[in-house]
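Visitor: here is the input, now give the coordinates:
(2 chains)
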Amino acid sequence: MATSLQRNSALEVDDLIWENYVFRRGVAVEDLWDDMYADRKKNNRPMRLLYIAGRGFDVRAKDVISKYVERLNASGCQIQQATLLLIGFSGYQLSPELEDLTSENASILEDIFGQIGKVETYFIDETEDDEELNATIMLRLGAAKILNFLDDVTDIVLDVSSLPRIVYLTILLSVLARIVPAATDQNQLTSHGVTFQVLVGEDPELDSKIAAQDPSNDLVLIPGYSEAFQSEALRDMPMVWFPILGENRLAQVQKVESNIPDWAEICPVLPHPSKDPRRGDKLLTEYDNTLFAKRQTPLSNIIYAHEGHPFEVYRQLLEAMLRFRNTLSVIGGSRLVVTPLASKLITVGSALACFEMKMRSVDSTSGVAIPYAEPKRYVVEVGALRSSKADLSVLVLTGDPFQG
Amino acid sequence: MKDINAQALLAQVMDWKDPEVVGQNASILQLLADYKYNHYQRFGPGKQFVESLALWLNQFDKADRPVALGLVRDRLIFISEREISHLVKLSYPDVIVQDRLRLVAEENEIAAYKVAALARHRRFEELRIRSLYLGLSDGAHTNELRRASNGAISNEQIWQAYELGDAKAEDMLSELRKSLTNGNFIPSSPTSSGDKERFSLIWLVDDFSGSGNTYIRYDAEERKFKGKIKKIYERIYEGDLINPDYYEVSLLLYVATRQAIDHIEYWSERFTNERGYKPLKVHVLHPIEKYCSLSATHDGPIIEIAKQDRYYDARASDEHIRIGGTDDAKLGFAACALPLILSHNTPNNSIYALWGPEDKSFFGLFPRVSRHREM
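Guide: So this is what the prediction gives:
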């Protein structure tokens, strides 16, 4: 039986949605835009663009948008319509300096994008009648509102650089659910004709200086990825938790861990390869008490994922989830729970795995959930933010690369 | 030895009196031992890391032991067999396939981002069949690489060594012709041109390079190039396995130091330029950057003890070490000064104190088995 299960898993992994992928970093990002938009111009295909970015304190979004607008303008591609949707958030406790920086960033982003289109600002955590909503419901409402902006666009760009993790995960997964049809035909990534890019400006040194404090008492569940975790009807179904580990997230790990049943399988994901070859070992010791000593998690449960390659993370995580789903189907099904606490690139890769796993789970007794303990407070020195040099990466998830 | 006894032994050697100090150190070392270090393949049967650490530390003067322990606790890089396997697994989809997509894009003037069109292109499949994979050492994990390709690399496209016998080469060419015929890339009826089908893409695979010297080096005395890369290029032009009019040679290393990458890129470019060969492409999945090496600036006390004669056995200074340009191996081959252990063997580019063989007067924490016969 084991052989047959393994074979099933291997067959499924052969047929990944993003088996062929487009991922570029550094100067190759601008080369990619130049090639893509030159083809658009040559084929006389005008653009109707929605660019989504955070109205946050992180200055990385500024570098990302200015590079994008510069290359788009240089291409000479016809822009029929362009909207910058700035997502604001008022629920975090920030210092006055960080509040000022947030406003300053917003005006700079508006000025840069103003060269090609209009700007709309939407505060995702504000309700019209001031009623108090929990974060999960707020995200669901926010996602529905953002999806309204998708009508009639040819291009969606999601810049995750200055968006909180729960917000960009919500937007990314909601947009994919809208534009990627469930059918597993060959045109799955092109059938809606929309090119969807995710931009990531990362600076690991700056990330290590941003302290995320006071995780919320309530776990946030990403819309569409909650039932497997919350449903009373599924509470006895086997669970596998995949905490994707990053530095300085102990309080958040503990918060989620306290909601994971004792009998659940835990498969921590460590970065490997990494620029720092000792990074995985250090994370192991950082989370030893919570994940290994207390829970008696076997060290052989550790999964490795490439620190700088989101599609490798996607493949590793999806493969592990499929393997567990096949095995646990024998005893009634599975709940696969992913908590991404590592870098933005790894988080985006893990979101792709969750998206595909959910798509593959429609007719099976398994479900995927993404619970997260969102920090209420961010602390960072303004000087560190201003001197940050972000390394830009792009993932093109649908559209032009998959035509033909 | 049981964990508790090994920890007591370690506490004795380190002269730790405070149970809290013992607990803090022992729990981290025991965790890393269970995770990686106990699986060092050159440990004898039943030998465990913590007891080995205690015996190794015991060779140092008491005053030097905290420095030696600090090397293990704070600087040691151990790449386990599972980590190597993970690198092997990602080689095919993230390096080999991506490189072939790039080639098809260049040959056919298709934009590199059009991945669906490139992957469906006939040439993409033809180049898959025309790829040859050769292991450069017994660490190349060629079987694992073949399995990780999910059937895209056949048994007749991969060999664990770079020196092929005539019979093996003929088998590989025969299978190549069969695959090309089955894929309708060449006519099914044998023609004179059909008999000359050759491989075009050569992937040379190895697990680790510390200095790059064994791959390519220039012997100034004999005024000639030496190493595996040179031999392989000469095979392309002398043999009938590879098409000398259309070929690409790529070196795929799972782990390599920046020093090795720079060395191989520099000297292989000199070599291929001089001979009019196509340049070598170097792909490294897990580069070990220069800051990982031990240096007098950042690791002064460790370098100091590593250089001492009493923590060294002069018999390790042999002619193989001298190829790296140093008279002794205290700081490792070619003075790489690495704190690196690979699960199957410690590279001699690491400092001697880590890899000294068990039969030497000062033995290493992870004793090395030499590929060369000892004097």
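
Visitor: show me what contacts A:Lys209?
Guide: By Cβ atoms under 8 Å, 6 or more residues apart in numbering or on different chains, the contact list for A:Lys209 reads A:380-381, A:384. Every C-beta, even on glycine, is put in place using the N, C-alpha and C of the backbone.

Visitor: how far away is the closest residue in space to A:Ser174 that isn't next to it in sequence from chain B?
Guide: Residue nearest to A:Ser174 in three dimensions, not counting chain neighbours: A:Ala143, with 4.1 Å by Cβ to Cβ, 6 or more residues apart in numbering or on different chains. As judged by Cβ to the nearest Cβ, to the nearest Å, A:Ala143 and chain B stand 28 Å apart.

Visitor: A:Ala143 should be in a helix, yeah?
Guide: Yes. Assigned with DSSP: H, G, I helix; E, B strand; the rest coil, A:Ala143 falls within a helix.

Visitor: and it, what does it touch?
Guide: A:170-171, A:174, A:223.

Visitor: what residues does the stretch 1-150 of chain A put near chain B?
Guide: Contact residues (Cβ under 8 Å from any Cβ of the partner chain) of the stretch 1-150 of chain A with chain B: A:10, A:14, A:19-22, A:32, A:35-36, A:39.

Visitor: now with 10 Å?
Guide: A:10-11, A:13-14, A:16, A:18-24, A:28, A:31-36, A:38-39 (Cβ under 10 Å from any Cβ of the partner chain).

Visitor: list the contacts of stretch B:170-186.
Guide: Residues outside stretch B:170-186 that contact it (Cβ atoms under 10 Å, 6 or more residues apart in numbering or on different chains) are B:122-123, B:125-126, B:128-132, B:154-159, B:164-165, B:187-190, B:193-199, B:240-241.

Visitor: go with 7 Å
Guide: For stretch B:170-186, contacts defined as Cβ atoms under 7 Å, 6 or more residues apart in numbering or on different chains pick out B:125-126, B:129, B:154, B:156, B:188, B:194, B:197, B:199, B:241.

Visitor: tell me the secondary structure of A:Glu120, please.
Guide: strand.

Visitor: beta partners for it?
Guide: According to DSSP bridges, the residues that bridge with A:Glu120 are A:Leu85.

Visitor: and which of the contacts of A:Lys209 is nearest to chain B?
Guide: A:Ala384 (21.1 Å; Cβ to the nearest Cβ).

Visitor: now the closest one: closest residue in space, sequence neighbours ignored.
Guide: A:Lys209 is the one closest to A:Ala384 (Cβ to Cβ, 6+ apart), at 4.7 Å.

Visitor: same check, this time on A:Glu126
Guide: A:Ser90 (6.0 Å).

Visitor: give the contact list for that neighbour.
Guide: Counting by Cβ under 7 Å, 6+ apart, A:Ser90 touches A:123, A:125-126.

Visitor: which bits of the stretch 151-300 of chain A sit near chain B?
Guide: A:272-273, A:275, A:277-278, A:281, A:284-285, A:288, A:299 (Cβ under 7 Å from any Cβ of the partner chain).

Visitor: and which of those residues is nearest to A:Leu345?
Guide: A:Lys275 (12.5 Å; Cβ to Cβ).

Visitor: got phi/psi on A:Ala390?
Guide: A:Ala390 adopts backbone torsions of phi -90, psi 140, taken as degrees, to the nearest 10.

Visitor: the nearest residue to it once chain neighbours are set aside - how many residues pack around it?
Guide: Sequence neighbours aside, A:Gly201 is the residue nearest to A:Ala390 in space, at 3.5 Å (criterion: Cβ to Cβ, 6+ apart). A:Gly201 has 25 neighbours, counted by other Cβ atoms under 10 Å in any protein chain shown.

Visitor: need the pLDDT of A:Gly201.
Guide: You'll see A:Gly201 listed with a pLDDT of 90.

Visitor: A:Asn8 too?
Guide: At A:Asn8, pLDDT is 46.

Visitor: also the one 10 residues further on?
Guide: Turning to A:Trp18, the model gives it a pLDDT of 95.

Visitor: tell me which element residue 254 falls in.
Guide: With no chain named, the answer covers chain A. In the assignment (DSSP states H and E), A:Gln254 maps to helix A:250-257.

Visitor: ah, I was thinking of chain B
Guide: strand B:248-257.

Visitor: beta-bridge partners for A:Met47, please?
Guide: Beta bridges link A:Met47 to A:Ile79, judged by DSSP bridges.

Visitor: B:Ala314 - how many residues pack around it?
Guide: With neighbours defined by other Cβ under 10 Å, the count for B:Ala314 comes to 11.

Visitor: which ones are touching the residue nearest to B:Phe225 when sequence neighbours are not counted?
Guide: With sequence-adjacent residues excluded and distances taken as Cβ to Cβ, 6+ apart, B:Phe225 is closest to B:Phe271, at 5.0 Å. Residues near B:Phe271 by Cβ under 7 Å, 6+ apart: B:216, B:225, B:230.

Visitor: mind checking which of these land in helices?
Guide: B:Lys230 (DSSP state H).

Visitor: name the element B:Lys281 belongs to?
Guide: Applying DSSP H and E, one finds B:Lys281 within strand B:280-288.

Visitor: thinking again about what came up before, got the contacts of B:Phe271 as CSV, with pLDDT and neighbour count columns?
Guide: Listed next are those as CSV, based on pLDDT from 0 to 100; neighbours: other Cβ atoms under 10 Å in any protein chain shown:
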residue, pLDDT, neighbour count
B:Ile216, 96, 26
B:Phe225, 96, 21
B:Lys230, 95, 21
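
Visitor: so which of the contacts of B:Phe271 comes closest to chain A?
Guide: B:Ile216 (24.1 Å).

Visitor: residue contacts, the closest one?
Guide: Neighbours of B:Ile216 in contact, by Cβ under 7 Å, 6+ apart: B:225, B:227, B:229-230, B:264, B:267-268, B:271.

Visitor: I'd like to know how far whatever residue of the stretch 251-375 of chain B ends up closest to chain A sits from B:Val95.
Guide: Going by Cβ to the nearest Cβ, chain A is nearest to B:His286 of the stretch 251-375 of chain B, at 3.8 Å. To B:Val95, B:His286 is 12 Å away according to Cβ to Cβ, to the nearest Å.
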